[in-house]
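In: how would this look folded up:
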Amino acid sequence: MPISVCVAGVTGDVGRLLTAAILAQADLDLTSAVARSTAGRTVGAVLGCDSAVEIRSTVGEAIAKDSFDVLVDYTSAVAALGNAQTAVSVGKHVVIGSSGITAEQFAQLDAEARSRRVGLLHGNFALTAVLAQVFATAAARYIKSWEIVEYAHDDKMDAVSGTARELAHRLAQQGPPQQTIAPNAFVGDCRSRGATVEGTQVHAVRLPGLVFGFEVLFGRSQERLTIKHEVGSHAEPYIDGTLLAIRKAPTLVGLHQGLESVLDLQLS
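Out: Just a heads-up that it's a prediction; the model follows:
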């Protein structure tokens, strides 16, 4: 049986491409879609594809009117948490590509997902981002001084991003980075040292002309290592990883952070 999917944010940049990709898969079935601005119209009429699925205004409406196994959320930092909570509360598996949910909120989602015996998979699903996080985590085993710089367009509301938070969490598993001077001990404006996320200093750059990227800077005496990921303005990098996430979600219970957590990408 194909996995039935609801795409929240179906008219967004990622949602449009993802919908077309789902429709092309033999093992996936688009049975529901959410976009407030085009609610009541069909996916086919809005996106110019072969789909009679009617677009709903909210995830709650989609749950009431449609049948699906997995909710995929590519909405916004404001809407993603509520959408995930609504879906998990009725036993739906969830894939979250949106950013902006905090560690504390994910802990609550994890507890609810475990109680409902459903899977919740969150991450930056661009495969090069996944690999960069795996490589950075491996490097942190041996190089104990690092910081993160992330880059995004100036209209990205969440700072730091979900990707940077996830990366900081993974690096923290290798032990806190070594610091000669604690961030709050500097003379002057200590905010210039960035945000402290699970012991890692994270610097969020927001400027017109940027899309999204991050780099992890590692330093030792007389040597440096930089692991960097960047994407362009097109949504294509996120599609293959999201399709993998949709296929994995029904096999999971509870929260899994990062696509690498369910793929054979761990470095031993």
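In: When you work out contacts or count neighbours from here on, use the C-alpha atoms and nothing else.
Out: Fine.
In: Now do the helices in the stretch 51-200 of the chain.
Out: 59-65, 80-89, 103-116, 127-140, 162-172 (DSSP state H, counting those that start in this stretch).
In: Output the ones you listed in CSV; the columns should cover mean pLDDT, mean neighbour count and distance to G219.
Out: Putting the helices of the stretch 51-200 of the chain into CSV (pLDDT from 0 to 100; neighbours: other C-alpha atoms under 10 Å; distance: least, C-alpha to C-alpha, whole Å) gives the following:
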stretch, mean pLDDT, mean neighbour count, distance to G219
helix 59-65, 98, 17, 45
helix 80-89, 96, 20, 36
helix 103-116, 94, 16, 27
helix 127-140, 93, 20, 10
helix 162-172, 90, 23, 14
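In: Could you export those helices as CSV, including distance to Y238?
Out: CSV is the format used below for those (distance: least, C-alpha to C-alpha, whole Å):
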stretch, distance to Y238
helix 59-65, 22
helix 80-89, 17
helix 103-116, 21
helix 127-140, 7
helix 162-172, 13
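In: Quick check: which of those helices is nearest to H229?
Out: helix 127-140 (5.8 Å; C-alpha to C-alpha).
In: Now do the closest one: everything it contacts.
Out: 124, 146, 167, 170-171, 174, 216, 227-230, 237-238, 240-241, 258-260, 265-267 (C-alpha atoms under 8 Å, 6 or more residues apart in numbering).
In: ok, the closest residue to D13 other than its chain neighbours to S98 distance?
Out: Closest residue to D13 apart from its sequence neighbours, by C-alpha to C-alpha, 6 or more residues apart in numbering: A235 at 6.0 Å. Going from A235 to S98 by C-alpha to C-alpha, to the nearest Å gives 13 Å.
In: Looking at those two, which one has more neighbours?
Out: Remark: of A235 and S98, S98 carries more neighbours, 23 against 16, as counted by other C-alpha atoms under 10 Å.
In: just how off-centre is the least confident helix or strand in the chain by mean pLDDT within its chain?
Out: Among the helical and strand segments of the chain, the one scoring lowest on mean pLDDT, DSSP states H and E is helix 162-172, with a mean of 90. Mean-position distance between helix 162-172 and its chain equals 11 Å (C-alpha atoms, centre = their mean, to the nearest Å).
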